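Participant: Just the structure for this:
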Amino acid sequence: MKLQIQPIGNSYSEQAIDLILNIQQKEFNIPITIKDQPDLLQIESFYTEAGGNFWGAFVDGELVGSIALVKFDERVGAIRKMFVKKEFRGKELNIAQELLEVLISFCRENGIDDLYLGTITVLKAAQRFYERNQFVKIEKGNLPVKFPLMSADDIFYHLNIA
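Facilitator: Residues are numbered from 1 along each chain as shown. Below is the predicted model of the structure:
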């Protein structure tokens with residue numbers, strides 16, 4: 001199995017939607033639909049053109065993971081759409097870690113010093129993952145004013161990478 005991570009655009013929308021909705025709805029029973037995340041239908045305008053990016057992790061040509069960066073202020077970004085298909089999670093392939101490192105490298109190259117993200121209480125493994133990567137839990141009230149809030153999120157993290 002060979003892992004390949006690359007930026008993806010609108011041509012991958014359908015695969016990304018399939019990957020993400022399956023995890024959100026079927027695995028974790030999160031009541032979220034494509035209507036709640038229209039960004040997935042316009043990856044390029046929402047992420048890339050605004051100064052962020054959207055990456056896909058592929059194993060043998062199959063999209064098995066994703067991570068996205070929304071640049072919402074001059075030197076500030078939000079992590080979105082961090083998902084890895086169940087069968088591909090874990091230390092062996094280390095896909096989540098690889099995705100995060102690609103995003104952080106992009107931030108360093110593009111002058112983004114602060115990263116924020118929101119996640120959901122039931123996603124315990126995600127919280128442990130962010131904490132292992134030095135993200136610090138913060139109160140919702142301490143998020144930057146321009147932070148693009150997702151309605152389902154109830155736990156928030158910050159990482160300074162400067």
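
Participant: which residues of the protein fall in strands?
Facilitator: For the chain, the strands defined by DSSP state E cover 3-7, 53-59, 62-73, 76-84, 114-119, 136-138, 155-160.

Participant: Verify the stated contact: Asp39 with Ala50.
Facilitator: No - the criterion here is C-beta atoms under 8 Å, and Asp39 misses it with Ala50 at 10.3 Å. C-beta here means a position set from N, CA and C on the backbone, and glycine is covered the same way.

Participant: rewinding a little: turn the strands of the chain into CSV, including mean neighbour count, mean pLDDT and distance to Ser45.
Facilitator: As requested, the strands of the chain are arranged in CSV below (neighbours: other C-beta atoms under 10 Å; pLDDT from 0 to 100; distance: least, C-beta to C-beta, whole Å):
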stretch, mean neighbour count, mean pLDDT, distance to Ser45
strand 3-7, 14, 97, 14
strand 53-59, 22, 98, 11
strand 62-73, 21, 97, 12
strand 76-84, 23, 97, 14
strand 114-119, 21, 97, 21
strand 136-138, 12, 98, 29
strand 155-160, 17, 98, 25
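
Participant: between these, which gets nearest to Gln25?
Facilitator: Nearest to Gln25, of all the strands of the chain, is strand 76-84, at 12.0 Å by C-beta to C-beta.
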